[in-house]
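> the following block contains a protein sequence and its predicted model.
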Amino acid sequence: MVTIFSGKIGSGKTTRLWEWSKKGKSVGGILMPLVSGKRYFYSVSSGETYQAEIDKDEYNGEIVNIGRYSFSDRGFIRANGEIIESFQKYKNIIIDEIGPLELFGKGFYYSLKNILENKKSLNNKNLIIVIREGMIEKIVDYFNLENYSVVRKVSEIFSAS
């Protein structure tokens, strides 16, 4: 089952999912909280936080740019690996968030594409993808999503599956 968790930019989607994931059992995946003005990757399963958004003048590595944001390519490679690993281990997998980067084949594109191609295994899982308002139709069309539901409250995640 694919559950799209949606809301406006800055509406607290990541924070609400973070709180929910602390209470839930069998939850893995990646959240991208804002910490001191920068985005970080947060591994739901391990609780580890590592850098996502970088200062491109101080970073020595491949950079993924989208709008005014610059992200660490190495961070996305690691985060995609953690999402794939979570898909193998947990019933509930969070990907925060899917948006313009993925439409260019970057960001979490690899892990989402990999999971969606495994339709048989997806039947026994709850893939929770965060998509901000205004992007849902583009993402659904691009990834050819079928059998999904859209929720706007964390409490609706399980009632949708």
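Thanks, I have it. Numbers count the residues shown, from 1 in each chain.
> going by C-alpha atoms from here, please, whenever you check contacts or count neighbours.
OK.
> ok, the residue nearest to F143 when sequence neighbours are not counted - how many residues close by?
Distances taken as CA to CA, 6 or more residues apart in numbering put K113 closest to F143, at 7.5 Å, once the chain neighbours are dropped. Counted with other CA atoms under 10 Å, the neighbours of K113 add up to 13.
> now swap in V64 and tell me
19.
> tell me the contacts of the nearest residue to E97 once chain neighbours are set aside?
Nearest residue to E97 in three dimensions, chain neighbours excluded: V130, at 4.6 Å (CA to CA, 6+ apart). V130 makes contact with 4-6, 13, 94-98 under the criterion CA atoms under 8 Å, 6 or more residues apart in numbering.
> filter the residues you listed down to the ones in strands?
Under the assignment DSSP state E, these contribute 4-6, 94-96 to strands.
> just checking, what packs against the longest helix belonging to the chain?
Longest helix of the chain, by residue count under DSSP state H: helix 73-89. Applying 3 or more CA pairs under 8 Å, 6 or more residues apart in numbering; DSSP states H and E, we find helix 73-89 packed against strand 27-31, strand 38-43, strand 92-96, helix 109-117.
> hmm, 6 Å instead?
If you count contacts as 3 or more CA pairs under 6 Å, 6 or more residues apart in numbering; DSSP states H and E, helix 73-89 packs onto strand 27-31.
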